[in-house]
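Enquirer: give the three-dimensional model of this entry:
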Amino acid sequence: MRAAATYGIITAGVITDLDRAAEAMFGWQRDQIIGRLMEGTIVPPAFRHAHRNGRAR
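Expert: Numbering: from 1, shown residues only. Okay, the predicted model is just below:
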């Protein structure tokens, strides 16, 4: 059974938190990703345009 991964973001799409399961899932360490945009890190390139459009709503 897989552990749930959690991360926190603010409205602007900036990552504010990342747990160990999310580190393993996304391949980023917490200290590398906090303060960065989801769009340039954990959102796959194929989905970035849709993610950007969804946030704009």
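
Enquirer: how many neighbouring residues does G54 have?
Expert: 9 (other CB atoms under 10 Å). Every C-beta, even on glycine, is put in place using the N, C-alpha and C of the backbone.

Enquirer: same question for R20.
Expert: Neighbour tally, R20, other CB under 10 Å: 12.

Enquirer: which residues touch it?
Expert: Not one residue lies near R20 by CB atoms under 8 Å, 6 or more residues apart in numbering.

Enquirer: start the count at 186, not 1, going forward
Expert: I'll keep to 186 as the first residue from here, and by that count the last item is R205.

Enquirer: against A190, how distant is it?
Expert: 8 Å (CB to CB, to the nearest Å).

Enquirer: go on, T201?
Expert: 15 Å.

Enquirer: more crowded one of those two?
Expert: Neighbour totals were compared for T201 and A190, and A190 leads with 15 against 11 (other CB under 10 Å).

Enquirer: and that one, what element?
Expert: For A190, there is no enclosing helix or strand under DSSP states H and E.
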